[in-house]
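J.: The sequence and its predicted three-dimensional model are supplied below.
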Amino acid sequence: MIRFSLGDRDSSRYPSIQIDSILLWKETWLFLVSLGLEEVLVARKEWEMEEQRRQIASRERAMAVADRGLVGNRDQRSKERRSFIVADTETVMLKVKDKEKRDIYIQVPYAVGFLVVNPGVDVGAMPDHSCETYFSEDYSSFIDDFQEKSNQMMFDFLERLSVVI
C-alpha cells in the first residue's frame, strides 16, 4: 500500500492518495511526473521503502516455513507424507414413499469404490485391481429390490474399508 500527499497544496484540489496496486502506482507516478509535481519524489521514496519492507517480510515468511520443516529436500518431505484413501460413490435418484405416503426422491448408491494411495507410488502405474469397486448389480442373483442391493453393497464396501484402514 502506498500513501502520499501533495504537500502544501490545497487539500481539496490535491487529496491524499492511497494506492494498493503496483501497476496502478506506476501509472499514477507517470501521470504525476507529467504534471511536474516535485512532491512526487517524496512519494517515490516512501514507495521504495514500502517495497523493501514487503520483500523483507516475504523472506521472513519463507524462512519461517522452512524452519517448520515444510520446505526441504524431497526425502525429508516424503517422511512427513502419509497414505490416504480416494473414494467415490455413484448414485441414482429413486422415488420412494415417505411416512405420510407422499412421493419423495432419494439418492441411492449403485456403485462405490476406493483406492489406497501411498506416498511415492505412481498411481497411474498401479494395476487395475488396486482400485476396489462394488456394484449393486453384483447382488442381483440373490436380492431383487434395488434399494436392498444398494444397502448390501454399501455394507460390504464399508466392511472392507474398515479392514483396510
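T.: Everything's here; your move. Numbers count the residues shown, from 1 in each chain.
J.: Can you give me the domain boundaries for this structure?
T.: Domain assignment for the chain, taken from automatic domain parsing, gives 2-76, 81-164.
J.: Between those domains, which has the poorest mean confidence score?
T.: Mean pLDDT is lowest for domain 2-76 among those, at a mean of 61.
J.: Break down the chain into its strands, ranges please.
T.: For the chain, the strands defined by DSSP state E occupy 2-4, 17-19, 84-97, 103-117, 132-135.
J.: Show me what the fourth one packs onto, helices and strands only.
T.: To tie it back to what came earlier, the one meant is strand 103-117. Here strand 103-117 touches strand 84-97, strand 132-135, helix 146-164, going by 3 or more Cβ pairs under 8 Å, 6 or more residues apart in numbering; DSSP states H and E. No exception for glycine: its C-beta is placed from N, CA and C like everyone else's.
J.: for those, which one ends up most surrounded?
T.: Of all the helices and strands packed on strand 103-117, strand 132-135 carries the top mean neighbour count, a mean of 16, counting by mean count of other Cβ atoms under 10 Å.
J.: by contact count, what packs against it?
T.: Against strand 132-135 (3+ Cβ pairs under 8 Å, 6+ apart) you get strand 103-117, helix 146-164.
J.: Residue 160 contacts residue 132, correct?
T.: Yes. Using Cβ atoms under 8 Å, residue 160 is in contact with residue 132, at 6.4 Å.
J.: Please determine how far residue 95 is located from residue 146.
T.: 11 Å (Cβ to Cβ, to the nearest Å).
J.: separation between the residue nearest to residue 105 when sequence neighbours are not counted and residue 86?
T.: Nearest residue to residue 105 in three dimensions, chain neighbours excluded: residue 93, at 4.8 Å (Cβ to Cβ, 6 or more residues apart in numbering). Separation of residue 93 from residue 86 (Cβ to Cβ): 25 Å.
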